[in-house]
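J.: quick one: sequence and predicted model below, then my questions.
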Amino acid sequence: MKKIFGLLLGVIAVVLGTANAASADCLTVKFDNGDSVCIALDKNGSRYTASLEASNIDRNSSLRCEILLPNDRLEDLWACNGYFSYSSSSTEKVKLYVRYDNRYYTVKENNFNFKNGSWGGSSSSSSSSNDDISISSNRSSPSTSQWVNLTVETDSSYRGYVEFSVQYRSSSSSSWSTVTSSSYFTADDEISDGYKFTSSDKGSVTFSSAIKFNRSGYYRLYVEDDDGNEDYVSFNVDTSSSGTSDDISISSNRSSPSTSQWSTITIETDSSYRGYVEFSVQYRSSSSSSWSTVTSSSYFTASPSSTFTNGYKFTSSDRGSVTLSSFIKFNRSGYYRLYVEDDDGNEDYVSFNVDISSSSTSDDISISSNRSSPSISQWNNVTVETDSSYRGYVEFSVQYRSSSSSSWSTVTSSSYFTADDEISDGYKFTSSDKGSVTFSSAIKFNRSGYYRLYVEDDDGNEDYVSFNVDTSSSSTSDDISISSNRSSPSTSQWVNLTVETDSSYRGDIEFTIKYKDGSTWRTTTSSSYYETNDSYDSKYYNYIRNGYTMSSSDRGSVEFKNILRFKKNLTYRVYVEDKDGNEDYVQFNVGGSSSNDDNDSDVDGFSTSELKKVKAVAKVWNDVVSQLKRQSIKLRNDTYWSTLSANFYTNMQDVVNDRSSRKFSDFDEFKDAFLVWLQYTSRNR
């Protein structure tokens, strides 16, 4: 088995760049025998890629890692490489379990900043860096009526931002969860929006009457600086009262109301309970369909709405029982559940069957429009037809694709379309409609491309009408280019970007920023790598993040002046892409940084060193697959794995031979596909 590990680890080292020395961005894990590995986690959205950055362990050893995430999910990282998804924007503890040769085993617990994608907190040489941070308060056990002061202390030279977040748990044994609702706390603007340290602060600032807590329980108020350093202060708010509950129940005066009837509900719990109860509603259109949580007013109306949204707080005068008169009514026929949950996680629900005996069903539905090829300035009428007896709702959704060969995607942004309320919120058929309704000036489309407007009734019947918006006009681009006034800026210099395309192009352009990490280009949106000059000109506000729409006045060329500044001495690329998929990039060597690896090869999207790596992996790939089949009966009989392995080899050969049909447009796509294969292999070997 050691031979296959040696060959496979050699491939992993080629693809992911295993080094002999540890980098600053990896976490060193040491064994009792003196051996060590260094493991990096790279962030891309909510996905994290683990890679073995350094190791002094014999490559023929069977190395395996597992990572325990803060939500207690254990991810298997075979050979300490792989990927996983986790949604968090705070620094939390993770555990790494590492073993090799089934003899050596160690556990490493460490903080990881899921927001910035770094182990612990990183520091910078600029005067806006910080080695540590602390937060304190004038009260540790406030009541719900008391404002508290906060003091944040950091390095006297720190000139960056600090941001705040609040965690809550209802009892000392329950789990912590991040909360933002005003039902939990009220904070001043500097706590809500963050605060920027200046020279006059000298590393210490006190916020008077900064926050108050609106329900009893246990709180943590976290502060975090730009470098990922964080601290928290704890509060026990009215926790001495007997605000706990062993059980809860909910009932109603009606079980089968009509859509015009308000229902009264009664909640009963322990007479000593002093906490909150919160509400939620689930819906399904028929007795055989699935339940889904709904919040839209097209489904229900609650009165007062604030009680439904923020919850109800039991007091001593309630004695464990409260009746909310005319609390909820349902606005469409179907099956409902009204849930109630207390601070301790106890819950119950009451069911409602709303107008389900009426003939509000539909066997079919159709949608049409007065136009099939509108311009972006034209409103369109929409007609929906169904059974004359249908009394239910219809809802609408929009799909878009930029060209006839691209994929469809659901869109909701006003940059794509504008619709009237009946299209946005849905429409309820009545007897007067007789199964047919026309919505005049119902929708207009705000960018060129191909659209589908879908309609769906309560029974799941659906239809769509197609629109080709300005697709016959010359609003396409055969090519695009991007350039800059600087190629080697310093971290203090702003750069201009100039984008040029066909003079007739009328579509969107979007930007992506990547930086060079060893031999790998990594996409970043982090403000620790660059900043945009949003204050320079309102015309250019946030175009790097949100894109720009070329108009006739641009005549195919637009210059963004002083739009971007890089914060680290790295090699960067700024990519621009139009709606037809044409793209170009401009490269920056910030602070004079450069690398021989940046030379482009004959294969577009791959540097010379990256292409060498693809060739090296392709050369040994069939041996890797053959040896894995010999070693694992499960993989030998796994047809999906065999197909996955064969397709990966074919796609590598397409890159090596620079075929126009190749699937991998750059090294990142090649690496992502390898990680998919590696993770499937590790879990099914």
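T.: Perfect, thanks for sending it.

J.: tell me how far the closest residue to residue 334 other than its chain neighbours lies from residue 298.
T.: Among residues not flanking residue 334 along the chain, residue 285 sits closest, at 4.9 Å (C-beta to C-beta, 6 or more residues apart in numbering). No exception for glycine: its C-beta is placed from N, CA and C like everyone else's. As defined by C-beta to C-beta, to the nearest Å, residue 285 lies at a distance of 13 Å from residue 298.

J.: skip the chain neighbours and tell me the closest residue to residue 640.
T.: residue 680 (7.9 Å).

J.: so the one you found sits in a strand?
T.: No - read with DSSP: H, G, I helix; E, B strand; the rest coil, residue 680 is helix and lies in no strand.

J.: ok, it touching residue 641?
T.: Yes - in this structure, residue 680 is within contact of residue 641 by C-beta atoms under 8 Å, at 6.4 Å.

J.: settle it for me: which of these two has more neighbours?
T.: Neighbour count, other C-beta atoms under 10 Å: between residue 680 and residue 641, residue 641 has more, with 21 against 16.

J.: report the separation between that one and residue 49.
T.: 21 Å.

J.: same check on residue 210?
T.: 38 Å.

J.: so where do the strands sit in the stretch 451-600 of the chain?
T.: 462-469, 480-484, 495-501, 508-517, 520-523, 530-532, 548-549, 557-566, 571-578, 583-589 (DSSP state E, counting those that start in this stretch).

J.: which one of those lies nearest to residue 656?
T.: Shortest distance between residue 656 and these, using C-beta to C-beta, is found for strand 520-523: 19.0 Å.

J.: what does that closest one rub up against?
T.: For strand 520-523, contacts defined as C-beta atoms under 8 Å, 6 or more residues apart in numbering pick out 17, 42, 44, 512-516, 573, 666-668, 671.

J.: after the host helix or strand of residue 64, next one along is what?
T.: Per DSSP states H and E, residue 64 falls inside strand 63-68. Next helix or strand after strand 63-68 toward the C-terminus (DSSP H and E): strand 74-78.

J.: okay, now the nearest residue to residue 254 once chain neighbours are set aside: neighbour count?
T.: The shortest distance from residue 254 to any non-neighbouring residue, by C-beta to C-beta, 6+ apart, is to residue 263 (4.7 Å). Each residue near residue 263 was counted by other C-beta under 10 Å, and the total is 22.

J.: and for residue 70?
T.: For residue 70, the count of nearby residues is 16 (other C-beta under 10 Å).

J.: wait, doesn't it sit right on residue 90?
T.: No - at 9.0 Å, residue 70 and residue 90 do not qualify as touching, with contact defined as C-beta under 8 Å.

J.: against which helices or strands is the longest helix seen in the chain packed?
T.: Using DSSP state H to define each element, the chain has its longest helix at helix 608-631. Contacts defined by 3 or more C-beta pairs under 8 Å, 6 or more residues apart in numbering; DSSP states H and E place helix 608-631 against helix 2-16, helix 633-636, helix 639-656, helix 667-684.

J.: I'd like these as CSV, with distance to residue 530 and mean pLDDT appended.
T.: As requested, the helices and strands packed on helix 608-631 are exported to CSV (distance: least, C-beta to C-beta, whole Å; pLDDT from 0 to 100):
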stretch, distance to residue 530, mean pLDDT
helix 2-16, 25, 57
helix 633-636, 43, 81
helix 639-656, 29, 89
helix 667-684, 19, 79
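
J.: so which of those is nearest residue 414?
T.: The nearest among the helices and strands packed on helix 608-631, by C-beta to C-beta, is helix 667-684 at 31.3 Å.

J.: got the CA positions of the closest one in CSV?
T.: The C-alpha trace of helix 667-684 is given here as CSV (Å, rounded to 0.1, in the frame of the first residue of the first chain):
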residue,chain,number,x,y,z
PHE,A,667,-5.0,26.0,-13.7
ASP,A,668,-7.6,26.7,-11.0
GLU,A,669,-10.2,24.7,-12.8
PHE,A,670,-7.8,21.8,-13.3
LYS,A,671,-7.0,21.9,-9.6
ASP,A,672,-10.7,22.0,-8.5
ALA,A,673,-11.4,19.0,-10.7
PHE,A,674,-8.5,17.1,-9.1
LEU,A,675,-9.8,17.9,-5.6
VAL,A,676,-13.3,16.6,-6.6
TRP,A,677,-11.6,13.4,-7.7
LEU,A,678,-9.4,13.2,-4.7
GLN,A,679,-12.2,13.7,-2.2
TYR,A,680,-14.4,11.1,-3.9
THR,A,681,-11.5,8.7,-4.0
SER,A,682,-10.7,9.2,-0.3
ARG,A,683,-14.3,8.6,0.8
ASN,A,684,-15.0,5.5,-1.3
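
J.: mind putting the contacts of strand 520-523 in TSV, distance to residue 254 and neighbour count included?
T.: Converted to TSV, the contacts of strand 520-523 look like this (distance: C-beta to C-beta, whole Å; neighbours: other C-beta atoms under 10 Å):
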residue	distance to residue 254	neighbour count
17	65	18
42	55	17
44	51	15
512	55	15
513	57	22
514	59	21
515	61	21
516	65	20
573	63	17
666	61	16
667	63	22
668	58	17
671	59	21
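
J.: cheers, nothing more for now.
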